[in-house]
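Peer 1: sequence and computational prediction follow.
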Amino acid sequence: MQRRTFLQLGTLGLSAVGLSSFRGKKAVTKPIVISTWDAGLEANKAAWQVLRSGGRALDAVEQGVMVTEASQNCCVGLGANPDRDGFVTLDACIMDEAFNCGSVAFLERIKHPISVARRVMEKTPHVMLVGSGAQQFAVAEGFALEDGKLSKDAQKSYDNWLKKSEYKPIINIERTQLGHGPFAPEKLDTGEWNHDTIGMVAMDANGNLSGSCTTSGQGFKMRGRLGDSPIIGAGLFVDNEVGAATATGQGEDVIRICGAHSVVEFMRQGLHPEAACKKAVERIIKIKGTKAQAIQVGFIAINKKGEYGGYCIQKGFNYAVCYADDKNILVDGKYML
Ligand code: SD4
């Protein structure tokens, strides 16, 4: 480096080392939060309140998805479709920047499974609690036990489903918080909406990553069925050196390829988040062959540069991205079939 240049840097208070690590690279976009489906727009707003004031990504991803869990107009939380026996069962997981993680599954009558998952992470020696044990833990931690009644819409939907009692998930049928998912709102009263999930990943101002994922799972599932959403590595994975990813859609097929973990590993190999999500989608399509046409899976991811992306099997998946006070946008996921 020329002596003059070095002196100029000195007067700017910059070290040559610091500048060279920045030179030639795009500035990191942070904080940033992204989440699945259009209900993510509302959830991102709550997450952004945490991030914009310098809060932790972990708090942001918890508070963000709590908005969706609490909404009666969205079937992520207790307002959701029941299983085939008529009970709403919830799954959720959370992961921070230091590989700490917590998860609950097959949890009934608790409004905020994501917060119970966080307590599992912070207050127990375990990662996962399920069923009555998870509920017992939640109550011991002070979470209220709700009445367990189906919401009005879910009851209508269940009554309608009982006429045929067929388990036949319909891709992309999401009853979203905003009521303008790909096939809503005309499907709202028909019982034809089923799976609903929100997955969220964020990077805070300190460059730390975290993620959350919460769901009622697929509507009219067998009692006791778990999808990918509460499974670390399937529905959610965070590696603070690389990036974070989450999944939505047909959980069985996400589990098969350890979806979110695969996406993070593809990013570790140098792929952009969108390319990493695409590669995971390709893997599922390769396994499923022509049967892939009957399913939807979508992945979203961010990396340490604040780059983001998503990819899905079929048209109709979207995700919400927020990285500034006035930038909370809905992006259509690129698709393969
Ligand atoms: C599951 N992956 O339980 C979830 C469902 C989902 O949008 O993502 N719905 O299989």
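Peer 2: Cool, the structure landed.
Peer 1: can you tell me which helices and strands the helix or strand containing Gly199 packs against?
Peer 2: Using DSSP states H and E, Gly199 sits within strand 196-203. Under the contact criterion of 3 or more CB pairs under 8 Å, 6 or more residues apart in numbering; DSSP states H and E, strand 196-203 touches strand 32-36, helix 40-52, helix 57-70, strand 209-217, strand 236-239, strand 243-249, strand 297-303. Yep, even glycine has a C-beta here, placed from its N, CA and C like the rest.
Peer 1: run through the bridge partners of the residue most central in space within the chain.
Peer 2: Geometric centre of the chain, nearest residue: Gly199, 0.8 Å, by CA atoms, centre = their mean. For Gly199, the beta-bridge partners under DSSP bridges are Cys213.
Peer 1: list the contacts for the nearest residue to Lys221 once chain neighbours are set aside?
Peer 2: Leaving aside its sequence neighbours, Lys221 sits nearest to Asp83 (CB to CB, 6 or more residues apart in numbering; 5.1 Å). Asp83 sits next to Thr89, Gly217, Phe220, Lys221, Met222, Arg223, Arg225 when contact means CB atoms under 8 Å, 6 or more residues apart in numbering.
Peer 1: show the contacting residues for the first one.
Peer 2: Neighbouring residues of Thr89 by CB under 8 Å, 6+ apart: Pro82, Asp83, Phe106, Leu107, Glu108, Ser216, Gly217, Arg223.
Peer 1: which stretches of this structure have low pLDDT?
Peer 2: 1-25, 73-75, 168-195 (pLDDT under 70).
Peer 1: ok, longest helix in it?
Peer 2: helix 273-288 (DSSP state H).
Peer 1: next, the buried residues of it.
Peer 2: Buried residues in helix 273-288, counting neighbours by 16 or more other CB atoms under 10 Å, are found at 273-281, 283-285, 288.
Peer 1: near the ligand, which residues of the stretch 101-250 of the chain?
Peer 2: His195, Asp196, Thr197, Thr215, Gly217, Gln218, Gly227, Asp228, Ser229, Thr248, Gly249 (CB under 6 Å from any ligand atom).
Peer 1: format the residues you listed as a markdown table; extra columns: distance to Gln135 and neighbour count.
Peer 2: Output for those, formatted as a markdown table (distance: CB to CB, whole Å; neighbours: other CB atoms under 10 Å):
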| residue | distance to Gln135 | neighbour count |
| --- | --- | --- |
| His195 | 22 | 26 |
| Asp196 | 21 | 29 |
| Thr197 | 20 | 31 |
| Thr215 | 17 | 33 |
| Gly217 | 16 | 28 |
| Gln218 | 21 | 21 |
| Gly227 | 19 | 27 |
| Asp228 | 21 | 32 |
| Ser229 | 18 | 32 |
| Thr248 | 25 | 32 |
| Gly249 | 27 | 28 |
